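> Pasting the sequence and the predicted model now:
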Amino acid sequence: MPASFVTQNLATMLVGPLADTFTFGAQSTGCLFDDAQQVIEDATGFEVTRRMRVATIRTAAITGLGEDDTVTVASTIYLVRKVLPMEDGLLSRVLLVPAD
């Protein structure tokens, strides 16, 4: 997807009906919230499906976010496993797991 398309439509994507609220401390922004599944091989050689939640946020909207931080998305508390900036630098994918 070209960066110009993302730039032009970013505000609409993150406040529209598909967006959820992403909160880190006192900071909040809209996010696109989805499931990600990956099949990995465990130590015994069996394939295991690993499921994570992924929040796509505008990179500049949340500062100081890192691994093992606690965030709230759609009224549920999650732990951050990874923050992965996307190619364009405008968006980041935040990999989440439910907090215990």
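Arrived safely. Numbers count the residues shown, from 1 in each chain.
> got the end-to-end distance for stretch 16-34?
In stretch 16-34, first residue to last residue: 15 Å (Cα to Cα, to the nearest Å).
> Quick one: low-confidence residue ranges for the chain.
Applying pLDDT under 70 to the chain picks out residues 1-8.
> what residues does the longest strand along it touch?
Scanning the chain for the strand with the most residues, using DSSP state E, yields strand 27-41. Outside of strand 27-41, the residues within contact range by Cβ atoms under 8 Å, 6 or more residues apart in numbering are 13-15, 18-22, 47-58, 61-63, 73-74, 94-95. To be clear about C-beta, it is placed using only N, CA and C from the backbone, and glycine gets the same treatment.
> which ones among those residues are found in strands?
Reading strands off the contacts of strand 27-41 with DSSP E, I get 19-22, 47-58, 73, 94-95.
> Dig out what the residue nearest the centre of the chain forms beta bridges with.
Central residue of the chain (Cα atoms, centre = their mean): residue 55, 2.1 Å from the mean position. When bridges are called by DSSP bridges, residue 55 pairs up with residue 33, residue 94.
> which of the residues in stretch 24-41 are buried?
24, 29-33 (16 or more other Cβ atoms under 10 Å).
> ok, the closest residue to residue 15 other than its chain neighbours to residue 49 distance?
Counting by Cβ to Cβ, 6 or more residues apart in numbering, residue 15 lies nearest to residue 30, which is 5.1 Å off, once chain neighbours are set aside. Remark: distance between residue 30 and residue 49 (Cβ to Cβ, to the nearest Å) = 29 Å.
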